[in-house]
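[1] I'd like to go over a predicted model; first the sequence, then the structure.
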Amino acid sequence: PTPTVSLTSNVTTTPAPLQIEHATPLRKLRVTLNGVHSELGLLDKGSKIIVIREDIWRKTNAPWNQGICMRMQTANGGAQEMGGCVKMLEIDVEGIKTWAHAYVVLDAPYRLLLG
C-alpha cells in the first residue's frame with residue numbers, strides 16, 4: 001500500500017490595505033422648501049450659509065428681499081454677488097422643519113447649497 005502524506009500550511013494571509021478616498025463624495029439631501037417644492041440640496045460643511053439659485057427660489061413662492069445683498073467667497077477663491085435674501089425659508093427634511101435665511105444667486109453649478 002502507498003503511504004498517505006498529509007500536508008499542512010502555515011501560510012497566513014494579510015487583509016488588503018484599507019482604501020482611503022482622496023475626496024469625500026458629495027452628500028445630497030431631499031428637502032421640501034416652503035411646503036411647496038421638493039429639491040435635492042447639496043450639503044456643504046464648509047459653508048455657513050444657504051444659497052438658492054433664482055430658478056429654484058421662484059418655485060417656492062417665498063418673498064425675496066433684494067435689499068439684503070451679500071458677496072460670497074467661492075470654493076475656488078473667487079467671489080460671487082448674491083441678489084438678495086429669502087428670509088426664514090421653511091426647509092423640511094422628512095417631517096423635521098427648520099427655517100433659515102437663504103441667499104439667492106442668479107447662476108450656480110448647484111441648485112440649493114445647504115451650509
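    The structure has been received and is ready for your questions. Residues are numbered from 1 along each chain as shown.

[2] Low-confidence ranges, this protein, go.
    1-15, 18-24 (pLDDT under 70).

[3] For it, which segments are assigned as strands?
    Using DSSP state E, the strands of the chain run over 27-33, 37-43, 50-53, 70-73, 79-82, 84-93, 96-105, 112-114.

[4] relative orientation of the second one and strand 27-33 in degrees?
    In other words, strand 37-43. Here strand 37-43 points in a direction 150 degrees away from that of strand 27-33 (axes from the mean of the first three to the mean of the last three CA atoms, to 10 degrees).

[5] Contacts for strand 37-43 next, please.
    Strand 37-43 is touched from outside by 26-33, 56, 59-60, 91, 110-114, with contacts defined as CB atoms under 8 Å, 6 or more residues apart in numbering. Placement of C-beta: from N, CA and C, glycine included.

[6] Give the pairing partners of that strand; include direction for each.
    Partners of strand 37-43 in the sheet, by DSSP bridges, are strand 27-33 (antiparallel), strand 112-114 (parallel).

[7] Now do the first one and strand 96-105, the angle between them.
    Between the axes of strand 27-33 and strand 96-105, defined by the same axes, to 10 degrees, the angle is 100 degrees.

[8] and strand 27-33, C-alpha only, in CSV?
    C-alpha atoms of strand 27-33 as CSV (Å, rounded to 0.1, in the frame of the first residue of the first chain):
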residue,chain,number,x,y,z
ARG,A,27,-23.8,64.5,0.0
LYS,A,28,-27.3,65.4,-1.1
LEU,A,29,-30.4,65.6,0.9
ARG,A,30,-34.0,65.7,-0.3
VAL,A,31,-35.8,68.7,1.3
THR,A,32,-39.2,70.4,0.8
LEU,A,33,-38.9,74.2,0.5
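
[9] Which residues does that strand contact?
    Here strand 27-33 has contacts from 38-43, 52, 56, 59-60, 62, 89-93, 112, 114, using CB under 8 Å, 6+ apart.
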